[in-house]
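Participant: Predicted structure and sequence below. I'll ask about it afterward.
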Amino acid sequence: MRRKLAAGNWKMNGTGAELAELAALAQSHPAPEGTDILICPPATLLSRAADTTRGGPVQVGGQDCHAAASGAHTGDLSAAMLLDAGASAVILGHSERRADHGETDAIVLAKAEAAIAAGLLAVVCLGETLEEREAGKTLSVVGTQLAGSVPEGASGATLVVAYEPVWAIGTGKVPTLEQIGEVHDFLRAELTNRFGAETAEGIRLLYGGSVKPGNAAEIFAVSNVDGALVGGASLTAADFSPIISALE
Ligand code: PEP
């Protein structure tokens with residue numbers, strides 16, 4: 001049985017004052033059964049976020065890491081550095097990084113390998129653009145991204161896959177439940193082809209893109225949706241807490 005996962009991506013939002021939201025979140029969900037809670041704040045907050053949440057139900061993670069262990073990479077952070085700051089997971093290949101930083105599947109793959117080798121849970125993101133969906137290419141696009149971004153030997157203990165249609169991120173637009181189900185069933189089948197049924201059944205598939213308190217429950221009822229990766233609605237406990245409750 002896969003544990004559910006409510007993951008929050010704060011993106012480039014939050015300073016020390018917003019750490020109070022983590023404490024409020026932990027208070028609202030003291031012992032979530034069968035559900036994991038992950039918040040990925042900006043790297044500047046990681047170690048303070050880890051201090052704030054230590055011993056409680058909320059885990060913290062990074063939003064990116066470099067594929068190399070160390071070296072001349074100004075401004076970058078290695079997976080081991082995130083771990084050292086208190087992270088247990090890292091988001092990789094988010095569409096904003098793929099678009100803003102030219103991250104290809106090969107780059108995301110190298111980062112995922114580094115993250116897993118360092119002991120982090122790799123949350124690998126993929127998803128189609130609106131143009132690709134309208135051209136009927138959704139499954140081939142996400143299939144290619146999955147094949148190219150997910151490392152050999154991955155398992156439920158090391159990998160989470162987040163399906164995030166690019167056109168649904170931060171836009172208030174959400175695919176139909178049928179569209180979400182179609183992609184999640186496809187991703188599960190692709191994972192099964194690659195890793196075998198037993199391993200594939202252990203890998204959690206998150207949906208991401210304009211998840212809100214008002215639509216979380218119906219999305220979580222879709223087959224093969226094991227939780228959500230949430231941007232805007234993860235910034236406050238008031239918004240994120242009902243999303244977690246919809247999973248519990
Ligand atoms: C995201 O950034 O991964 C995301 C899904 O954002 P939002 O929930 O704001 O659409």
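Facilitator: Perfect, thanks for sending it.

Participant: Which stretches in this protein count as strands?
Facilitator: All strands of the chain, identified by DSSP state E, fall at 4-9, 35-40, 58-62, 89-92, 121-126, 159-163, 204-208, 227-230.

Participant: Can you point out the buried residues in the lengthiest helix in the chain?
Facilitator: Secondary structure of the chain read by DSSP state H shows that its longest helix is helix 177-195. Of the residues in helix 177-195, those buried by neighbour count under the rule 16 or more other C-beta atoms under 10 Å are 177, 180-184, 186-188, 190-191, 195. Backbone N, C-alpha and C define where each C-beta goes, glycine included.

Participant: possible to save these as JSON lines with pLDDT and distance to Ala6?
Facilitator: Formatted as JSON lines, the entries for these read as follows, by pLDDT from 0 to 100; distance: C-beta to C-beta, whole Å:
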{"residue": "Leu177", "pLDDT": "98", "distance to Ala6": "19"}
{"residue": "Ile180", "pLDDT": "98", "distance to Ala6": "16"}
{"residue": "Gly181", "pLDDT": "98", "distance to Ala6": "19"}
{"residue": "Glu182", "pLDDT": "98", "distance to Ala6": "23"}
{"residue": "Val183", "pLDDT": "98", "distance to Ala6": "19"}
{"residue": "His184", "pLDDT": "98", "distance to Ala6": "16"}
{"residue": "Phe186", "pLDDT": "98", "distance to Ala6": "23"}
{"residue": "Leu187", "pLDDT": "98", "distance to Ala6": "19"}
{"residue": "Arg188", "pLDDT": "98", "distance to Ala6": "20"}
{"residue": "Glu190", "pLDDT": "98", "distance to Ala6": "24"}
{"residue": "Leu191", "pLDDT": "98", "distance to Ala6": "21"}
{"residue": "Phe195", "pLDDT": "98", "distance to Ala6": "24"}
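
Participant: For the closest residue to Ala24 other than its chain neighbours, grab the count of nearby residues.
Facilitator: When the adjacent residues along the chain are set aside, Ala24 lies closest to Ala237, with 3.7 Å between them (C-beta to C-beta, 6 or more residues apart in numbering). By other C-beta atoms under 10 Å, 20 other residues sit near Ala237.

Participant: In this structure, what residue comes closest to the ligand?
Facilitator: Checking the chain residue by residue against the ligand with C-beta to the nearest ligand atom singles out Gly231 as nearest, at 2.2 Å.

Participant: Skipping adjacent residues, who's closest to that residue in space?
Facilitator: The nearest residue in space to Gly231 (C-beta to C-beta, 6+ apart) is Asn9, at 5.1 Å.

Participant: Per-residue pLDDT of Pro30, please?
Facilitator: Reading off the per-residue confidence, Pro30 sits at a pLDDT of 88.

Participant: quick one: contacts for the nearest residue to it once chain neighbours are set aside?
Facilitator: The shortest distance from Pro30 to any residue other than its chain neighbours is 6.6 Å, reached at Pro57 (C-beta to C-beta, 6+ apart). Counting by C-beta atoms under 8 Å, 6 or more residues apart in numbering, Pro57 makes contact with 26, 29-32, 37.
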